[in-house]
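Asks: Let's see this in three dimensions:
(chains A and B)
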Protein chains: 2
Amino acid sequence: MAPGEHPLEFVFRPRSIAVAGASPQRGGSGNEYVRQLQHCGFAGPIYPVHPAATAVEGLPAYRSVLDAPGPVDYVISAVPAAALPQLVDECGRKGVRVLHAFTGRFRETGSSEAAALEQEVLRRVRSAGLRLIGPNCMGLYVPQQGIGFKYNFPQDPGPIAFLSQSGGNCAELVYRGSLRGLRFSKVISYGNGLDLTESDFLEYLAADPETTVVGAYTEGVRDGRRFLAAVKGLAASKPVVLLKGGRTGAGARSVASHTGSLAGATAVWDAACRQAGAVQVADLEEMIDVLVAFRFLKPVRGLAVGVVGGGGGRTVQSADDCEAAGLTVVPLPSEVRERLRPLAPAFADWIGNPLDVSILAGANVLPEMIRLMGAHPAFHALIANVGEDWSLDTPESAGRMLTGTLKSFLELGPLQPKPFAVVLGTSEGPEEWRWRAIEEAKRRFWEAGLPVFPTIARAARALVNAHAYYRWRESVS
Amino acid sequence: MAPGEHPLEFVFRPRSIAVAGASPQRGGSGNEYVRQLQHCGFAGPIYPVHPAATAVEGLPAYRSVLDAPGPVDYVISAVPAAALPQLVDECGRKGVRVLHAFTGRFRETGSSEAAALEQEVLRRVRSAGLRLIGPNCMGLYVPQQGIGFKYNFPQDPGPIAFLSQSGGNCAELVYRGSLRGLRFSKVISYGNGLDLTESDFLEYLAADPETTVVGAYTEGVRDGRRFLAAVKGLAASKPVVLLKGGRTGAGARSVASHTGSLAGATAVWDAACRQAGAVQVADLEEMIDVLVAFRFLKPVRGLAVGVVGGGGGRTVQSADDCEAAGLTVVPLPSEVRERLRPLAPAFADWIGNPLDVSILAGANVLPEMIRLMGAHPAFHALIANVGEDWSLDTPESAGRMLTGTLKSFLELGPLQPKPFAVVLGTSEGPEEWRWRAIEEAKRRFWEAGLPVFPTIARAARALVNAHAYYRWRESVS
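Replies: Sure, this is the predicted structure:
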């Protein structure tokens, strides 16, 4: 261990990886892990392990982990559950440091034999002196190290960490988040959490210099006291966003058959997590929104918001959605109104906050409004509404997409001394030009360091969530 | 008026249309209305009216509505506010039956002169014996008649009506709704509602044989008692979905500067509308969800739901989202489990409701599960989860998109004797193959008569909303 390094650093920096249960046939999980490591550009040796094959995906294959010609730091297990205990022993003898067990069918099946087998695995892991990720999980996505498990994960790293008892949730969060500019340091799918638990990972991430924001999906925690201490320790320096699976009766049943977890009492959990400084969200969409807010928004120091862009009913909805979420859409300060009067004498007494741009009839007041709201202390944050459903209805209109309103947001947003959130709807629809125009706009926003939200309501909730965190942090500092 | 016809039928069936204030220059609102009528294929004469032009968009132009060479049923006004009273008089002399005033800048500006001018317009409308849509609105989208105001509105008609004080909300609702299979009978943007009000339109739509479901966005109503009676009368035979703008303090301010409406007290409104049988929604996204539910779902007779498809964390989230929305995710009935046992002996005691397909490891139980849940009285409705974020991560995977899970939903969904809702995420993302695969899947679903929702939570809320309506209707029948 290098000086100052966290004791679990080795988990995320293997120098070599063996994949046990890697068949030459495509489609199998072991084969797929080999291909994923190749796709991600893992720099060290990859050792496929298979009882009969001599080669897998162009790499020499070995009968056993023990036969690998060099040291093996990390093993991915795709062997059947019954074969896992022996693999653990072999890993111990080989000096393997981390075993990731994709292998499932343990206590989550509800069978007592499978639960006993899981305990046997744990005993052997302990006596072999290695650490276990899983079982019943997808394992690591660490782009910096060339480790991953889906082809559509970005290859470039970033400062977001996500840990999750569900690999599917990792896949949704990484892909959907990447479309809004999220990039990742460590994503950890840890399934049943038999040895390494959420608390281990949270403690590690608190110390990880590559991580500035942490999200976590948990279905049940092994040690509530340690978990809350870990959350609190982490939240003191980095935002932590929690999504709890199994909040309802049916959810708790699903949790049992997914990772064999005990879901616990929701109300107690909520109160304890709030006290520990975690932001809690209701679903993965909100998780992404809040991670985007922490990644791209300046700290949210208050709830008074200025809203610009869009018009008519969308302006009204902006106001309602912001206030329903807990923001305050303050009336336009008279100083701002008077500064706008020379630019738009006919509208100066009509416009307000939210600014309805349809009122302006082409008067170019928007950039000045952004500057004035950005500078005025009455506003803690700004929301900028693209309103693309009105402006995009022909291929020609797509050509104008990046001018006007959108250009003002792109140029002025990053310069404002307060949080600046952009609302731009999804690119869905059958017209290719429309899809391209919106994808292009979205990419430009996050490349400019601006967070993009698909609806006003979601932007507003993300601001409120971020504010709660910063307020908590002030209260404990 | 034909026998049995509603007295306002003529509003939606003009035989000829004049556009006042139609300049030959593109970009102006009058010119744009002429082009929209041409684009929509309006079959009758279109008369551009302009003080100087001789032709507009290839059509002869006239100095005044009075100069049009044939009878004029309907006039679209794009003249300035000050010129509207004279236009009204000329319409009266010409025998025009309906004037749609796109013209704005009346009481919504907050100026007392403008409010007085609006009242003057109303006096002249009454004395001229015509009806007014607006002012300050986009007017009609009636695809059956070749009338519309956005290029991306579908040209084919359907059974949904939408009335709205905001033209922008019409644009969002029609476009976004069309992507999920909604098609429209009459969409009415009516702005300030000076003459024809929400109550007139609701009463008309109750009798309209082309309309089976009605949505409405209102910012304030002219006559509360008449409005509630109209809602109740309509709801007795057709679902009515209401979105109220100006529910909050800031929203009410925005409403005043948008359509000069008085927002009123939210709590009183909510209770009265609920009693009248309306389904109330919080935003346009939910409005679309509920319209899609009423358009494509069989009547929802209870809250017990079966969920199939997706796996792992998404299964847990399905359960939590459904129960949080008010549905009950009932445990899998033992008869269903026993029927599945021969097909999947290893999993029969493990699987449940929601059905986690990742447990099945390829065992083809899904079609039988859909049939069994569809037939079993324990379930009032089914939700089918595509889970595309897991299955779509390479171009090759897109080729498999329409087989497997999705094929089961497409084939079996329409055959089930109970409501069947599909969850499929948005197509957003920079990969063209992914965008195409999801757009294609979505289109196939709605063409098969299946409603598509972007998230489980939104599907669940739509089911609960639809159920509330059907329960209300039973209670009053």
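
Asks: all contacts plus neighbour counts: C-alpha atoms, from now on.
Replies: OK.

Asks: Distance-wise, check residue A:200 relative to residue A:242.
Replies: 16 Å (CA to CA, to the nearest Å).

Asks: more neighbours, these two?
Replies: residue A:242 (25 against 15; other CA atoms under 10 Å in any protein chain shown).

Asks: give the contact list for that one.
Replies: Counting by CA atoms under 8 Å, 6 or more residues apart in numbering or on different chains, residue A:242 touches A:215, A:216, A:217, A:218, A:278, A:279, A:280, A:281, A:287.

Asks: For those, give me JSON lines that also has distance to residue A:469, secondary structure and pLDDT.
Replies: Shown next, in JSON lines, are the contacts of residue A:242 (distance: CA to CA, whole Å; DSSP: H, G, I helix; E, B strand; the rest coil; pLDDT from 0 to 100):
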{"residue": "A:215", "distance to residue A:469": "13", "secondary structure": "strand", "pLDDT": "98"}
{"residue": "A:216", "distance to residue A:469": "15", "secondary structure": "strand", "pLDDT": "98"}
{"residue": "A:217", "distance to residue A:469": "18", "secondary structure": "strand", "pLDDT": "98"}
{"residue": "A:218", "distance to residue A:469": "19", "secondary structure": "strand", "pLDDT": "96"}
{"residue": "A:278", "distance to residue A:469": "7", "secondary structure": "coil", "pLDDT": "98"}
{"residue": "A:279", "distance to residue A:469": "6", "secondary structure": "strand", "pLDDT": "98"}
{"residue": "A:280", "distance to residue A:469": "10", "secondary structure": "strand", "pLDDT": "97"}
{"residue": "A:281", "distance to residue A:469": "12", "secondary structure": "strand", "pLDDT": "97"}
{"residue": "A:287", "distance to residue A:469": "14", "secondary structure": "helix", "pLDDT": "98"}
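
Asks: With neighbour count and distance to residue A:195 as extra columns, can I get those residues in a markdown table?
Replies: Supplementary listing: the contacts of residue A:242 in a markdown table, determined by neighbours: other CA atoms under 10 Å in any protein chain shown; distance: CA to CA, whole Å:
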| residue | neighbour count | distance to residue A:195 |
| --- | --- | --- |
| A:215 | 25 | 20 |
| A:216 | 24 | 17 |
| A:217 | 24 | 17 |
| A:218 | 24 | 15 |
| A:278 | 28 | 24 |
| A:279 | 24 | 26 |
| A:280 | 20 | 25 |
| A:281 | 20 | 26 |
| A:287 | 23 | 26 |
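
Asks: Save those as JSON lines, and put in distance to residue B:270 too.
Replies: Listed next are these as JSON lines, based on distance: CA to CA, whole Å:
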{"residue": "A:215", "distance to residue B:270": "37"}
{"residue": "A:216", "distance to residue B:270": "37"}
{"residue": "A:217", "distance to residue B:270": "36"}
{"residue": "A:218", "distance to residue B:270": "37"}
{"residue": "A:278", "distance to residue B:270": "34"}
{"residue": "A:279", "distance to residue B:270": "31"}
{"residue": "A:280", "distance to residue B:270": "29"}
{"residue": "A:281", "distance to residue B:270": "27"}
{"residue": "A:287", "distance to residue B:270": "31"}
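
Asks: which one of those is nearest residue A:162?
Replies: Lowest distance from residue A:162 to those (CA to CA) belongs to residue A:215, with 4.6 Å.

Asks: which secondary element of chain A has the worst mean pLDDT?
Replies: When the helices and strands of chain A are scored by mean pLDDT, DSSP states H and E, helix A:395-399 comes last with a mean of 86.

Asks: Give the buried residues for it.
Replies: Within helix A:395-399, the residues that count as buried by 16 or more other CA atoms under 10 Å in any protein chain shown are residue A:398.

Asks: After that helix, which helix or strand is next?
Replies: Following helix A:395-399 in sequence order, the next helix or strand is helix A:405-412 (DSSP states H and E).

Asks: same question for that next one, mean pLDDT?
Replies: Averaged across helix A:405-412, the pLDDT comes to 93.

Asks: Likewise for stretch A:467-477?
Replies: Taken as a whole, stretch A:467-477 has an average pLDDT of 95.

Asks: Tell me how far that stretch lies from the chain's centre.
Replies: Offset of stretch A:467-477 from its chain centre (CA atoms, centre = their mean, to the nearest Å): 21 Å.

Asks: same check, this time on stretch A:118-126
Replies: With CA atoms, centre = their mean, you get 31 Å for stretch A:118-126.

Asks: just stretch A:152-163 next, same as before
Replies: The chain centroid and the centroid of stretch A:152-163 are separated by 8 Å, computed with CA atoms, centre = their mean.

Asks: mind exporting it as PDB, just the C-alpha atoms?
Replies: Output in PDB follows, covering the C-alpha atoms of stretch A:152-163 (Å, rounded to 0.1, in the frame of the first residue of the first chain):
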ATOM      1  CA  ASN A 152     -22.200   1.800 -24.100                       C
ATOM      2  CA  PHE A 153     -20.300   3.000 -21.000                       C
ATOM      3  CA  PRO A 154     -18.100   6.000 -21.700                       C
ATOM      4  CA  GLN A 155     -14.400   5.200 -21.900                       C
ATOM      5  CA  ASP A 156     -13.300   8.600 -20.400                       C
ATOM      6  CA  PRO A 157     -13.400   8.900 -16.600                       C
ATOM      7  CA  GLY A 158     -14.900  11.500 -14.400                       C
ATOM      8  CA  PRO A 159     -15.600  12.400 -10.800                       C
ATOM      9  CA  ILE A 160     -18.800  10.500 -10.100                       C
ATOM     10  CA  ALA A 161     -18.900   7.300  -8.100                       C
ATOM     11  CA  PHE A 162     -21.900   5.100  -7.900                       C
ATOM     12  CA  LEU A 163     -22.400   1.900  -5.900                       C
END
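
Asks: on contacts alone, who are the packing partners of the least confident helix or strand of chain A?
Replies: When contacts are defined as 3 or more CA pairs under 8 Å, 6 or more residues apart in numbering or on different chains; DSSP states H and E, helix A:395-399 packs onto helix A:432-447.

Asks: Flag the shaky bits of the stretch 301-450 of chain A, pLDDT-wise.
Replies: A:361-363 (pLDDT under 70).

Asks: For it, which residues are neighbours of chain B?
Replies: A:311-320, A:323-324, A:328-331, A:349-354, A:389-390, A:393-394, A:426-430, A:435-436, A:439 (CA under 8 Å from any CA of the partner chain).

Asks: of those residues, buried ones?
Replies: Looking at those with 16+ other CA under 10 Å, the buried ones turn out to be A:311-320, A:323-324, A:328-331, A:349-354, A:389-390, A:393, A:426-430, A:435-436, A:439.

Asks: out of those, which are inside strands?
Replies: A:328, A:329 (DSSP state E).

Asks: Please state the offset of stretch A:321-337 from the chain centre?
Replies: 30 Å.

Asks: just the helices in the stretch 151-300 of chain A please.
Replies: For the stretch 151-300 of chain A, applying DSSP state H, counting those that start in this stretch gives helices covering A:167-178, A:198-207, A:224-235, A:249-259, A:266-275, A:284-296.
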